[in-house]
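**Student:** Sequence below, structure please.
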Amino acid sequence: MDRARRKQEVEKAYEVQAKAAVRGAAQYGAVGIGLAAIAHHSWPAFRRQTLPFKAFLVTIVSVFGLCIHAENALQSHELEQRLRENTIRREARLDLARRGLVATETEIAKWKAEQLARAQAEAEARARAEPSTPVEHPATASPASASEQ
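**Tutor:** Purely as a prediction, here's the structure:
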């Protein structure tokens, strides 16, 4: 795997984890605030606690939600990556076996490069084959007058 692709995958994983962490912190933070409000109104011992201690308890709940959501999101993202990579490797092993080659890591990497080059060539061929016709948008089209209809 080349460095650029690896860096893209790391950035994507970071984005997934960060979004889930923010969502989890917000959800669990709201739960923490709700529980603190209920405890404040129904439990005299909690009511006597200082505001910083109550904020600390809400923060603990928020950080717990942040960690749980971020970890779950990262694990599901890694599972998707693994399944996709295993599917590609399985296809490579089958194709290499049909050619009579042993599916070593080097051969699988070459196969992936061939598939990528083939996909790029097909995309370029499709782009050249399709004429670039201007598309008239309904918003910019002139409306037909009543006499033309």
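**Student:** Excluding chain neighbours, what is closest to residue 39?
**Tutor:** Spatial nearest neighbour of residue 39, chain neighbours left out: residue 46 (4.2 Å); criterion: CB to CB, 6 or more residues apart in numbering. C-beta: built from backbone N, CA, C; applies to glycine.
**Student:** helix, strand or coil for residue 101?
**Tutor:** At residue 101, secondary structure determined by DSSP: H, G, I helix; E, B strand; the rest coil is coil.
**Student:** can you pull the contacts of the nearest residue to it once chain neighbours are set aside?
**Tutor:** Nearest residue to residue 101, sequence neighbours excluded (CB to CB, 6+ apart): residue 107, at 5.5 Å. Shown in contact with residue 107 (CB atoms under 8 Å, 6 or more residues apart in numbering): 92, 96, 101.
**Student:** neighbour-wise, which of those leads?
**Tutor:** residue 92 (19 neighbours; other CB atoms under 10 Å).
**Student:** Next, the buried residues of stretch 49-60.
**Tutor:** By neighbour count with 16 or more other CB atoms under 10 Å, stretch 49-60 contains the buried residues 54, 57, 58.
**Student:** Tell me the one of the residues you listed nearest residue 32?
**Tutor:** Closest approach to residue 32 among the buried residues of stretch 49-60 (CB to CB): residue 58, at 3.9 Å.
**Student:** My read is that the closest one contacts residue 34, right?
**Tutor:** No - the criterion here is CB atoms under 8 Å, and residue 58 misses it with residue 34 at 9.5 Å.
**Student:** what about the strands in this protein?
**Tutor:** In the chain, no strands are defined using DSSP state E.
**Student:** Brilliant, that's me finished.
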